[in-house]
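In: coords below, sequence missing:
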């Protein structure tokens, strides 16, 4: 299966702006989703797994989807699902599988399309405007670069156009 990331519009069958019911319906083909409301916060999450790829849908404003985060299956788990990046300039989706293409290559290809990649610490780069955020943090045994960072990303988040504006340098 292929899940397409379409920043800043959504990921797979989940589109930003969906209602809670629409988000639950979108991920239900993968199994029974879990819906959680965080106490004292305006946040609802819908969690599911697509062939061991973790999916968390965030509804942070007015019970509408504001972001979708996808997680690498984890150590010792395999998936045939590809997480493909599309709609970024002339990038062809088949060229960039976010969990299998080395992270440095993913970022180089995004930058080559004219987007500014913010990567201060190497662990959590993001692309404002396109609203893609990546994570390399993991305690699991994975291939690593000489500096200790995982070679590939362990999660990716697709948000709305201004989702990462709060992280921009001032």
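Out: Thanks, I have the structure now. Just so we're clear, the structure is a prediction, and the values are computed from it rather than from any experiment. Residues are numbered from 1 along each chain as shown.

In: check which element follows the helix or strand of the chain with the lowest mean pLDDT along the chain.
Out: Using mean pLDDT, DSSP states H and E, strand 82-85 stands out as the lowest-scoring helix or strand of the chain, at a mean of 88. Next helix or strand after strand 82-85 toward the C-terminus (DSSP states H and E): helix 103-112.

In: re earlier: and the least confident helix or strand of the chain, how far out from the chain's middle?
Out: With CA atoms, centre = their mean, to the nearest Å as the basis, strand 82-85 stands 10 Å off its chain's centre.

In: who does that strand touch, helix- and strand-wise?
Out: strand 2-6 (3 or more CB pairs under 8 Å, 6 or more residues apart in numbering; DSSP states H and E). Where C-beta positions appear, they are placed from N, C-alpha and C, glycine not excepted.

In: please spell out which residues along the strand it packs on are buried.
Out: Of the residues in strand 2-6, 3, 5, 6 count as buried by neighbour count, 16 or more other CB atoms under 10 Å.

In: how about residue 137, what does it touch?
Out: Contacts for residue 137 (CB atoms under 8 Å, 6 or more residues apart in numbering) come out as 123, 124, 154.

In: repeat that with 7 Å
Out: 123, 154 (CB atoms under 7 Å, 6 or more residues apart in numbering).

In: report the separation between it and residue 76.
Out: As for residue 137, its distance to residue 76 is 18 Å (criterion: CB to CB, to the nearest Å).

In: and for residue 115?
Out: Relative to residue 76, residue 115 is positioned 34 Å away (CB to CB).

In: where do the strands of the chain begin and end?
Out: 2-6, 10-11, 14-15, 34-37, 44-50, 53-61, 64-71, 82-85, 126-127, 132-135, 155-159 (DSSP state E).

In: give the pairing partners of the fifth one; include direction for each.
Out: Applying DSSP bridges to the sheet, strand 44-50 is found paired with strand 34-37 (antiparallel), strand 53-61 (antiparallel).

In: could the ones you listed be laid out in TSV, adding mean pLDDT?
Out: Formatted as TSV, the strands paired with strand 44-50 follow (pLDDT from 0 to 100):
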stretch	mean pLDDT
strand 34-37	91
strand 53-61	92
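
In: of all those strands, which one is nearest residue 145?
Out: strand 53-61 (23.1 Å; CB to CB).

In: just checking, residue 84 touches residue 6?
Out: No. Checked against CB atoms under 7 Å, the pair residue 84 and residue 6 is beyond contact range at 9.6 Å.
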